[in-house]
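**Student:** need a structure here:
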Amino acid sequence: MASTNIREDLKSVLERIGGMCFKAEAILKLCMDGFIKHKVGLIDEAKKMSLTIRNEGTELIKLLGAKATESGNDKETIKSLMSIVNSIEMANTGLDSTLQHVRFKVSEGILFSDKAVNEVSHLFKETLDILKTAGDVIVTKNEVLKKYIVDKYNNLNEIVERYSVGHEERLIKGVCQPQASLVYLNIVDSLITAVWHIKQALIRLFENSGNR
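**Tutor:** Numbering: from 1, shown residues only. Here you go, the predicted structure:
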C-alpha cells in the first residue's frame, strides 16, 4: 500500500484481517470433516492452509510496523490493529492444536463414545459460526454481531464446563477410556481457546475509537 495515511489503508487492512478468520473457518471445516470421516488427509490439508494464515499475519504486522514509523499516522490505531492480528494468530494456534489432537485420534484409531462425538461436533459447528461471523464483524465493524460473538463465547464456556462434568462421569463409569479422555479434553480445550482469542480480537477492535 503506497498511501501514508492509515485511515485510507484501514479498510483494506481490515478486509485482510477478516480474511484470516474466513481462512480459519475453512481450516476448521476440513478438520471437522476429518474428525467425522476419520480421514487424516483432510486434516493434513487443513494444516497446510494454516500456514497461509501465519504468513498473512506476518505480512500484516510488517505492514503496520512500517506505517507506525511514518509521520501523521494514528499510532494507537496501528497498535490496536497489530493486537487484533496477534489475537487471530493465537486463535489459529489454538486451531493448530485442534488439528494435532484430531489427527492423533484418527491415525491411532481412538474411539469416542457417541455422546463425546456429538459434543465435539457441536463445538466444531459453534466455532465455525463464530469464525465466519468474526470475519464479517472485522470487515463491517458491526457492534450487534460483535455482541453476538461475545455472548456466544460466554454460552460456550458454560457448555464446555457441563461437558467436562459429564465427561468425568463417563470416565468414572468406564464408558470413556483414559487415552480417549485426554484427546477429548485437548480438542475441547483447544477449540474454546481459539474462540477466546477471537473474542479478544473483536473486543480490541471496538476499544479504539479510531477503528469505529
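**Student:** any stretches of the protein with poor pLDDT?
**Tutor:** 1-8, 72, 208-212 (pLDDT under 70).
**Student:** for the longest helix seen in the chain, list every residue counted as buried.
**Tutor:** The longest helix of the chain (DSSP state H) is helix 75-108. Residues of helix 75-108 classed as buried: 77-78, 80-99, 101-106 (neighbour count, 16 or more other C-beta atoms under 10 Å). No exception for glycine: its C-beta is placed from N, CA and C like everyone else's.
**Student:** which stretches in this structure count as strands?
**Tutor:** In the chain, no segments count as strands under DSSP state E.
**Student:** can you name the farthest residue from the center of it?
**Tutor:** Largest separation from the mean C-alpha position in the chain: residue 71, at 33.8 Å (C-alpha atoms, centre = their mean).
**Student:** do you know how far it is from residue 48?
**Tutor:** Taking C-beta to C-beta, to the nearest Å as the measure, residue 71 and residue 48 are separated by 40 Å.
**Student:** OK, contacts around the closest residue to residue 41 other than its chain neighbours?
**Tutor:** Residue nearest to residue 41 in three dimensions, not counting chain neighbours: residue 34, with 7.6 Å by C-beta to C-beta, 6 or more residues apart in numbering. Residue 34 makes contact with 40-43, 46, 102-103, 106, according to C-beta atoms under 8 Å, 6 or more residues apart in numbering.
**Student:** contact partners for residue 203?
**Tutor:** 146, 150.
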